[in-house]
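Colleague: Provide a 3D model corresponding to the input given below.
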Amino acid sequence: MQNKNKTVVKAKEILDLFLTYEQLSLQEMSTLSGLAKTTVHRMIGSLEEMGLLAKTAEGKYELGFMFLQFGQLVKERLDIRKIALPVMKQLRDDVEEAANLVIREGNEAIYIEKVDTTQPVRVFTQIGRRAALYAGACPRILLSFMSSQELQKYLEETPLVAYADGTITDKRKLIESIQEAKTRGYTISHSELRNFTSAVAVPIYNYSGQVIAGLSISGLENRFTEQRLPELIEKTVAAGKAISKNMGYLEQ
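Modeller: Alright, predicted model coming up:
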């Protein structure tokens, strides 16, 4: 606790005032927080510039639209776990493989929900686990549906490091895989994050048509045979569409 940044703490003290008050003037913020008026003036200038506070026509301040964006993201991420879980359980029962749900956080994928397989030997995945966006079917499905500008920036800045024998470390091959995912609506991986494991992943869309998550099934590579893959793909695609529909997405 002693390592808290004092500037950040003061900024939070100012923002906390808006939990009680809808609008506040500079003087009111100074009085209520106990901070010097010059300090508050400096702080709210930065908060306003970042979109965390907004100045009204009357010269007072209120919470900025950035909080609306953050709030919507938090709500959406909580909603998707609740909406996806029953579909994930059914998918797991249908294919007898683990089902995973991931979202993008910066340049990483983070696993936010999982349903373990009933198989005696399983692939271990932990909620909260992070993975590079280029490695593994579920993270890569998120990468595949980035905007072209974001994708180009990511490819230029991200070194492709091998995590297992099948990790794609050639940018040309990665781009080909991304293009295939966009065309097919799913992606497949073999031994990309762990050796002898495979996965099939599909995108999850929200009401506005944005890809907000990835759904995958994963298991041992010897259960993802060429003969079985069409069935696994079909069921995973159907599950992804069901979750997207429940998120308000209307398929074109």
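Colleague: ok, residues contacting stretch 228-240?
Modeller: Residues from elsewhere that reach stretch 228-240 (C-beta atoms under 8 Å, 6 or more residues apart in numbering): 87-88, 90-91, 94-95, 97, 99, 185-186, 188, 200-204, 215-217, 224. All C-beta spots, glycine's among them, are computed from the backbone N, C-alpha and C.
Colleague: stretch 136-150 now?
Modeller: Here stretch 136-150 makes contact (C-beta under 8 Å, 6+ apart) with 100, 102-104, 108-109, 111, 131-134, 151, 154, 177-178, 181-182, 186-189, 192-193, 199-203, 211, 213-216, 218.
Colleague: same check, this time on stretch 59-73
Modeller: 15, 18, 22-26, 29, 44, 47-48, 50-56.
Colleague: now name the helix or strand holding Ala131.
Modeller: Element membership of Ala131 [criterion: DSSP states H and E] is strand 130-132.
Colleague: that strand pairs with which strands, and in what direction?
Modeller: Strand pairing for strand 130-132, determined by DSSP bridges: strand 108-115 (antiparallel).
Colleague: okay, buried residues for the partner strand please.
Modeller: Neighbour-count burial for strand 108-115, counted by 16 or more other C-beta atoms under 10 Å, picks out 109-115.
Colleague: okay, those in CSV with distance to Gly34 next?
Modeller: Listed next are the buried residues of strand 108-115 as CSV, based on distance: C-beta to C-beta, whole Å:
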residue, distance to Gly34
Ala109, 43
Ile110, 38
Tyr111, 43
Ile112, 39
Glu113, 43
Lys114, 46
Val115, 50
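Colleague: in strands, which of the contacts of stretch 228-240 appear?
Modeller: Judged by DSSP state E, those include 99, 188, 200-204, 215-217 as members of strands.
Colleague: show me where the stretch 151-252 of the chain has helices.
Modeller: Taking DSSP state H, counting those that start in this stretch, the helices of the stretch 151-252 of the chain run over residues 171-184, 229-246.
Colleague: for the stretch 1-150 of the chain, same thing?
Modeller: Counting by DSSP H, counting those that start in this stretch, the helices of the stretch 1-150 of the chain are 6-16, 26-33, 37-49, 65-95, 137-144, 148-157.
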